[in-house]
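Asks: Provided below for reference: sequence and predicted model.
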Amino acid sequence: MVDSNESFLREVKEEMERERLENLWKRYGTLVIGAGVVLVAAVAGLQIWTSMAKSAAEKAGSQYQAALDSVFDKKLDDAASAFETLSKSAPDGYGSLAQLQLAATHMEQDKPAEALKVFEALATSSTADKLFKDFASLQAAALRVGDGDWTEIKNRLNDLTKDANPWRYNAQELLGVAALKAGKLSEAREAFEKLLGDSNVPPGMRQRASLRMTQILAREGSVSDSGADAGADSKAGDQAGAGDGSKAGGDVKSAAGDKAEAEAKTKGEADSKAASETKAATKVESGTADAKTEVKK
């Protein structure tokens with residue numbers, strides 16, 4: 001009897017559980033199926049996207065290598081055209097590399113203005129990786145060193161010289177070169193001293209910085225020597241001017257004496273005509289004496 005009751009209760013419980021599950025399914029079954037479909041679609045979509053991205057990357061890689069081969073074969077026009085196409089159609093990574101290679105190809109073609117446009121376009125891109133963007137900014141600044149003024153180059157390089165930037169050493173060196181070119185010796189010295197004071201600077205760059213410092217010291221010494229020479233020349237000029245002035249004063253004094261003597265002589269000659277020969281002689285002597293007195297005064 002007890003077993004029969006337990007069996008009955010178990011059957012009732014199972015029936016109630018089945019009915020509860022049926023009610024839950026009727027209420028939420030559609031949502032569960034929908035969620036499952038979304039999940040399956042998402043997984044399938046990710047796999048398809050991954051496959052397409054892989055395919056696009058492989059295609060871009062193949063096209064990129066072909067463009068590089070054109071560069072090696074000196075077919076620069078073909079290479080430039082291929083890199084330009086890739087820069088617009090390839091995935092971001094290959095697209096950025098294609099832009100850098102396009103700019104480099106323009107430089108090989110002796111087209112610095114075109115290269116500058118490409119570098120600046122990459123530097124201001126909203127999708128490119130920051131590493132590529134900063135490198136493009138550095139290259140654009142390097143192209144402008146020859147024509148740009150000190151303020152422009154400094155503004156282009158300021159952010160690149162910060163400690164966290166991976167291109168900071170290159171930017172610091174370029175900043176020093178630009179300062180030296182502009183005649184900003186103190187700014188150039190500061191830039192190269194920073195490089196020489198950093199133990200992580202590559203050996204080749206450290207050697208170049210040392211050579212630049214030697215150049216700066218030589219120019220500073222030249223400026224100092226020029227200043228000393230200018231001072232000596234000025235002093236010598238002053239002394240020469242003083243001597244010339246003294247000589248001119250003597251000349252003026254001599255001219256005044258000659259004029260007074262000539263006037264006295266003329267006066268004596270006029271008097272000699274109005275008197276006797278004896279008196280005339282006396283007047284002439286007297287006039288000469290008066291003239292000498294005037295010269296002494």
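Replies: All right, it came through fine.

Asks: Not counting its neighbours along the chain, what's nearest Thr127?
Replies: Closest residue to Thr127 apart from its sequence neighbours, by C-beta to C-beta, 6 or more residues apart in numbering: Asp92 at 5.6 Å. C-beta coordinates here come from the backbone N, C-alpha and C atoms, glycine included.

Asks: The one you found touches Leu131, doesn't it?
Replies: No: in this structure Asp92 lies outside contact range of Leu131 using C-beta atoms under 8 Å: 11.8 Å.

Asks: that older thread, and the residue nearest to Thr127, how many neighbours does it have?
Replies: The number of residues packed near Asp92 is 12, by other C-beta atoms under 10 Å.

Asks: for stretch 116-127, what is the average pLDDT?
Replies: Across stretch 116-127, pLDDT averages out at 95.

Asks: quick one: buried residues of it?
Replies: Residues Leu116, Val118, Phe119, Glu120, Ala121, Leu122, Ala123, Ser125 are the ones in stretch 116-127 that count as buried (16 or more other C-beta atoms under 10 Å).

Asks: Can you tell me which of those residues end up in helices?
Replies: Applying DSSP state H to the buried residues of stretch 116-127, the entries found in helices are Leu116, Val118, Phe119, Glu120, Ala121, Leu122, Ala123.

Asks: Return the helix or strand in this protein with minimum mean pLDDT.
Replies: Least confident helix or strand, the chain: helix 277-296 with a mean of 35, by mean pLDDT, DSSP states H and E.

Asks: could you list every residue that touches the nearest residue to Ser96 once chain neighbours are set aside?
Replies: Leaving aside its sequence neighbours, Ser96 sits nearest to Phe132 (C-beta to C-beta, 6+ apart; 4.1 Å). Going by C-beta atoms under 8 Å, 6 or more residues apart in numbering, Phe132 touches Ser96, Leu97, Gln99, Leu100, Leu122.

Asks: Okay, Phe132 and Asp69: tell me how far apart.
Replies: Phe132 sits 22 Å away from Asp69, taking C-beta to C-beta, to the nearest Å as the criterion.

Asks: For Gly146, give me phi and psi.
Replies: Dihedral pair for Gly146: phi -70, psi -30, per degrees, to the nearest 10.

Asks: Other residues contacting the helix or strand hosting Ala188?
Replies: Here Ala188, judged by DSSP states H and E, is contained in helix 185-196. Helix 185-196 is contacted by residues 150, 169, 172-173, 175-177, 179-180, 201, 205-206, 209-210, 212-213, 216, 219-220, 223 when judged by C-beta under 8 Å, 6+ apart.

Asks: Same check on stretch 84-100?
Replies: Applying C-beta under 8 Å, 6+ apart, the contact partners of stretch 84-100 are 53, 56-57, 60-61, 63-64, 67, 83, 102, 118, 121-122, 125, 127-129, 132, 135-136, 139.

Asks: Specify the local secondary structure of Ala128.
Replies: Put simply, Ala128 is coil when judged by DSSP: H, G, I helix; E, B strand; the rest coil.

Asks: wait, isn't it in contact with Asp134?
Replies: No: the criterion here is C-beta under 8 Å, and Ala128 misses it with Asp134 at 10.0 Å.

Asks: any weak-confidence spans in this structure?
Replies: 1-54, 56, 223-297 (pLDDT under 70).

Asks: Could you rerun that using 80?
Replies: 1-57, 92, 222-297 (pLDDT under 80).

Asks: Using PDB, write out the CA atom coordinates for the strand or helix carrying Ser81.
Replies: According to DSSP H and E, Ser81 maps onto helix 76-89. Extracted in PDB, the C-alpha atoms of helix 76-89 (Å, rounded to 0.1, in the frame of the first residue of the first chain):
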ATOM      1  CA  LEU A  76      58.700  53.300 -60.700                       C
ATOM      2  CA  ASP A  77      55.600  54.400 -62.600                       C
ATOM      3  CA  ASP A  78      54.100  50.900 -62.300                       C
ATOM      4  CA  ALA A  79      55.000  50.700 -58.700                       C
ATOM      5  CA  ALA A  80      53.500  54.100 -57.800                       C
ATOM      6  CA  SER A  81      50.300  53.200 -59.600                       C
ATOM      7  CA  ALA A  82      50.100  49.800 -57.700                       C
ATOM      8  CA  PHE A  83      50.800  51.400 -54.300                       C
ATOM      9  CA  GLU A  84      48.300  54.100 -54.900                       C
ATOM     10  CA  THR A  85      45.600  51.500 -55.700                       C
ATOM     11  CA  LEU A  86      46.500  49.400 -52.600                       C
ATOM     12  CA  SER A  87      46.500  52.500 -50.400                       C
ATOM     13  CA  LYS A  88      42.800  53.000 -51.200                       C
ATOM     14  CA  SER A  89      41.600  49.400 -51.400                       C
END
